[in-house]
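Visitor: fold the following, please.
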Amino acid sequence: MKKASIVLCFALATSIFGFIGSVRGQEITSPNSRLAVIWSSSDPEVAHRVCFMYTDNAKKQKWFDEVTLIVWGPSARLLAGDKDLQAEIKGMINDGVKVQACLACADSYGVTDQLRKLGIEVKYMGKPLTDLIKGGWKILTF
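Guide: Model prediction:
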């Protein structure tokens, strides 16, 4: 019993000091940390200055292990008509961000084919988003 207590205390201390060390270095990560960013704004400034900047850095700086950007609603139409945003999306995909778009939204704006040509996975997103939420993903919306 005594040996088990010592092993448990050692494991707990290792975990605590490992966490404290990572806080000091400003690198706070946990195994399987996952972020889903829902981009629904039709404002290009929100995309350029906030949403894309944070989403891409969350992946490149390894703030999260997995990062998914979900194009939802009016952002689909904006993306289909904006070459600068398209270039940024391609860069994020190259950086390892998974990019998906809502098929119902894309169809309603008539932009499904344009989004697919960018390398975006276009599918119905209600159930997948529900699964992310129930699966413990962090959700951020712009």
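
Visitor: show me the strands in the chain, by range?
Guide: 34-39, 66-71, 98-102, 121-123, 138-141 (DSSP state E).

Visitor: format those as a markdown table; extra columns: mean pLDDT and distance to S108.
Guide: C-betas here are computed from N, CA, C, even on glycine. As requested, those are arranged in a markdown table below (pLDDT from 0 to 100; distance: least, CB to CB, whole Å):
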| stretch | mean pLDDT | distance to S108 |
| --- | --- | --- |
| strand 34-39 | 98 | 16 |
| strand 66-71 | 98 | 13 |
| strand 98-102 | 98 | 9 |
| strand 121-123 | 98 | 12 |
| strand 138-141 | 97 | 19 |
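
Visitor: as TSV, those strands with distance to D82 would be great.
Guide: Listed next are the strands of the chain as TSV, based on distance: least, CB to CB, whole Å:
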stretch	distance to D82
strand 34-39	12
strand 66-71	12
strand 98-102	14
strand 121-123	17
strand 138-141	20
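
Visitor: for those, which one sits closest to R77?
Guide: strand 66-71 (9.9 Å; CB to CB).

Visitor: give the buried residues for the closest one.
Guide: Buried residues in strand 66-71, counted by 16 or more other CB atoms under 10 Å: 67-71.

Visitor: same question, stretch 84-92
Guide: 85-86, 88-89, 92.

Visitor: list of residues touching that stretch?
Guide: Here stretch 84-92 makes contact (CB atoms under 8 Å, 6 or more residues apart in numbering) with 44, 47-48, 52, 55-56, 59, 69, 78-79, 99, 118-120.

Visitor: what subset of those residues is buried?
Guide: 47, 52, 55-56, 59, 69, 78-79, 99, 118, 120.

Visitor: select from these every entry located in helices.
Guide: Residues of the buried ones among the contacts of stretch 84-92 located in helices (DSSP state H): 52, 55-56, 59, 78-79.

Visitor: pLDDT weak spots in the chain?
Guide: Filtered on pLDDT under 70, the chain yields the residue ranges 1-32.

Visitor: quick check: domain ranges of it?
Guide: Annotated domains of the chain cover 1-28, 31-141 [automatic domain parsing].

Visitor: quick one on the thing from earlier: take the buried residues of strand 66-71 and lay them out in TSV including distance to L35.
Guide: Compiled in TSV, these are given as follows (distance: CB to CB, whole Å):
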residue	distance to L35
V67	5
T68	7
L69	9
I70	11
V71	15
